[in-house]
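A.B. asks: just to be clear, the model below is a prediction. Sequence and coordinates:
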Amino acid sequence: ILIASPLGLATKLKEAGPAASDFLAAIELLVVDNADVIAMQNWSHLQTVLESLNQIPKKNTDVDVMRVREMHLEGFARHHRQTVFLSSFASAEINALSRVSCQNVAGRARYRVNSYPGVLGRAAAAA
């Protein structure tokens, strides 16, 4: 389990050199929480991280080859990664990034809550 901000991961990737993304090679589930807030800050950090995910490792030190899945060695790991974007609202940036970076063989699904009643009706009734 890796919990990090896009800024922290992007900084680590730029500082550590060519094999910096090796620790991101085996990510199978990615959850981007508050994607709308990230879009208002610096969206390029998230794009940098998503481009670095599931690459074939450049170094093979400290790797137990019995635990490496064949799909990772063949470069198909990104097609099996599940990616979840959580956002308060839909945006063109999130849609474009999911279309480009999320290529799971099982396809895509979108869940939207449309039945939020809001608070204006309660405020007007109280006044």
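C.D. replies: Nice, I can see it. Residues are numbered from 1 along each chain as shown.
A.B. asks: rest of the way, CA atoms for contacts and neighbours
C.D. replies: Noted.
A.B. asks: what about the strands in the chain?
C.D. replies: Per DSSP state E, the chain carries strands over the ranges 29-32, 82-85.
A.B. asks: which of those is buried the deepest?
C.D. replies: Per residue and on average, the most neighbours among the strands of the chain fall to strand 82-85, with a mean of 18 (mean count of other C-alpha atoms under 10 Å).
A.B. asks: quick one: contacts for the residue nearest to L46 when sequence neighbours are not counted?
C.D. replies: If the residues on either side of it in the chain are set aside, L46 comes closest to P6, at 5.2 Å by C-alpha to C-alpha, 6 or more residues apart in numbering. Shown in contact with P6 (C-alpha atoms under 8 Å, 6 or more residues apart in numbering): H45, L46, V49.
A.B. asks: next: Q103.
C.D. replies: R78, H79, H80.
A.B. asks: among those, who's most crowded?
C.D. replies: R78 (23 neighbours; other C-alpha atoms under 10 Å).
A.B. asks: for that one, which non-adjacent residue is spatially closest?
C.D. replies: N54 (5.4 Å).
A.B. asks: that neighbour and F23 touch, don't they?
C.D. replies: No. Using C-alpha atoms under 8 Å, N54 makes no contact with F23, being 9.1 Å away.
A.B. asks: neighbour count winner among those two?
C.D. replies: N54 (24 against 15).
A.B. asks: any weak-confidence spans in the protein?
C.D. replies: Applying pLDDT under 70 to the chain flags the ranges 61-65, 115-116, 121, 124-127.
A.B. asks: which residue ranges of it form helices?
C.D. replies: Assigned helices in the chain, in chain order: 6-15, 35-41, 43-52, 70-73, 92-101, 120-126 (criterion: DSSP state H).
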